[in-house]
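A.B. asks: Compute the structure for the input listed below.
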Amino acid sequence: MTHSLTFPEFSHFPVMLDEVVKICTPEKGGIFLDCTFGGGNYSRKLLKFSKTKVIALDRDSFIKNISKNLEKKYPKRFFFYQKKFSELNKVVKDKLVDAAIFDLGLSSIQLNNLKRGFSFKSKEELDMKMGLSIMSAADVINNSSESQLKSIIKILGEEKEASKISRNIIKARSEKKITKVNQLVKIIEKSKTKNFKNKINPCTKTFQALRIFVNKEITELITGIISAARVLKPGGKLLVLSFHSIEDKIVKYYFRNFSLNKSKPSRYFPNIDLNSAELFKEYRNQVIRPSKKELNQNPPSRSAKLRFAIRSSNEFIYPSDLTKKFHKYIELENANI
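C.D. replies: The predicted structure follows:
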């Protein structure tokens, strides 16, 4: 059954929409890659310019229904694919793209659907699958060893009390299988040291860690931004909106270390062909944050950081140093449980 899905246009706030569109310069026309279609707001705004085409991706099958409205309205200018970032090069193979947009993290559409298991408020199944994922959060919670759980929560969630939380999860699941969100919430709240000054929900970091692990978000991000550089035209722009420090650290490293003005190699590392790794023009390390007006309208945007880089005319060379730099995240996400 197809739902009437015009509502996500109103329930989902696109973060820094005006800033993203301004950087993309759609008034000049071109082909744009919306790698996280979500509620479709970036795509919709870009398509208002008559000389644009948009190729949109989203791994979420629920989102596919939303895309049908734009497919009907712009049959020759809008194309949607239910794909992950790692499948980007199956959709676009040539250097055709004028700008690629990655809006990372969780959309309000996913968060507000309590059956998906992303929200602390849910009493539904502990799912957290964004789409095209193999395992659920319940699978991770009930099948991981204590050391695996600790690593997931500590590394992907940057949670200082990971040891206590993982230990209490193991204890609780030995008595009863953990399948519901509210079961996990109680365990985390019991495990966390009370801090009345901290306004962040005590479950935030553990839920972030599980969601990242279930959907292999770090692996997908690294693969996606590398694939985007492969299909951008010289002068094409790669824009990434990140929402937590791991994402931003990866994007910042990628743009800084594979640009024309990157740092010279250290004498402690092997010398490399500087030209081969210069995928982007000079990177200014500029971070764009939401305006005060946007923060008032959409408080969850407070953690958002927008960075962008411009593709150089150099031939694409796979930036293997990026995967080496962040190998601990990739190895953790792809470990068997």
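A.B. asks: contacts, neighbours, all on C-alpha from now
C.D. replies: Noted.
A.B. asks: Just give me the neighbour total for the residue nearest to residue 34 when sequence neighbours are not counted.
C.D. replies: Setting aside the residues directly before and after it, residue 34 is nearest to residue 56 in space (Cα to Cα, 6 or more residues apart in numbering), at 4.6 Å. Here the number of neighbours of residue 56 (other Cα atoms under 10 Å) works out to 26.
A.B. asks: Ok, the one 3 residues further on next?
C.D. replies: The local packing count at residue 59 equals 23, with neighbours defined by other Cα under 10 Å.
A.B. asks: And residue 77, by the same measure?
C.D. replies: 16.
A.B. asks: So it sits against residue 54, correct?
C.D. replies: Yes. Counting by Cα atoms under 8 Å, residue 77 touches residue 54, with 6.2 Å between them.
A.B. asks: in this structure, which spans are strands?
C.D. replies: Along the chain, the segments classed as strands by DSSP state E run 30-34, 52-57, 78-81, 97-103, 232-242, 305-310.
A.B. asks: With respect to residue 19, which of these lies nearest?
C.D. replies: Counting by Cα to Cα, residue 19 lies closest to strand 305-310 out of these; the figure is 8.9 Å.
A.B. asks: The closest one vs strand 97-103, what angle?
C.D. replies: 160 degrees (axes from the mean of the first three to the mean of the last three Cα atoms, to 10 degrees).
A.B. asks: which stretches of the stretch 101-250 of the chain have low pLDDT?
C.D. replies: Within the stretch 101-250 of the chain, the ranges that satisfy pLDDT under 70 run 196.
A.B. asks: same thing but 50
C.D. replies: Residue ranges of the stretch 101-250 of the chain with pLDDT under 50: none are present.
A.B. asks: And the helices in it?
C.D. replies: Applying DSSP state H, counting those that start in this stretch to the stretch 101-250 of the chain gives helices spanning 108-112, 137-143, 146-151, 157, 162-175, 181-191, 204-215, 217-231, 245-257.
A.B. asks: got TSV for these, with distance to residue 317 too?
C.D. replies: Converted to TSV, those look like this (distance: least, Cα to Cα, whole Å):
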stretch	distance to residue 317
helix 108-112	36
helix 137-143	36
helix 146-151	32
helix 157	32
helix 162-175	38
helix 181-191	44
helix 204-215	27
helix 217-231	8
helix 245-257	13
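A.B. asks: before we move on, the earlier item: specify the beta-bridge partners of the residue nearest to residue 34.
C.D. replies: Legend: beta-bridge partners of residue 56 under DSSP bridges are residue 34, residue 80.
A.B. asks: what sits against it?
C.D. replies: For residue 56, the contact set (Cα atoms under 8 Å, 6 or more residues apart in numbering) comprises 33-37, 43, 78-81.
A.B. asks: Greatest separation within those residues: which pair is it?
C.D. replies: Pairwise distances across the contacts of residue 56 (Cα to Cα) peak at 14.2 Å, for the pair 36 and 78.
A.B. asks: The residue lying closest to residue 219 once chain neighbours are set aside and residue 210, how far apart?
C.D. replies: Leaving aside its chain neighbours, residue 219 sits nearest to residue 330 (5.4 Å; criterion: Cα to Cα, 6+ apart). Note on residue 330: its distance to residue 210, by Cα to Cα, to the nearest Å, is 14 Å.
A.B. asks: same question, residue 35
C.D. replies: Computed as Cα to Cα, the residue 35 to residue 210 distance reads 22 Å.
A.B. asks: Distance to residue 156 for the strands of the chain - can I get that in JSON lines?
C.D. replies: Output for the strands of the chain, formatted as JSON lines (distance: least, Cα to Cα, whole Å):
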{"stretch": "strand 30-34", "distance to residue 156": "25"}
{"stretch": "strand 52-57", "distance to residue 156": "24"}
{"stretch": "strand 78-81", "distance to residue 156": "28"}
{"stretch": "strand 97-103", "distance to residue 156": "19"}
{"stretch": "strand 232-242", "distance to residue 156": "14"}
{"stretch": "strand 305-310", "distance to residue 156": "18"}
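A.B. asks: Which one of these lies nearest to residue 174?
C.D. replies: Counting by Cα to Cα, residue 174 lies closest to strand 232-242 out of these; the figure is 36.9 Å.
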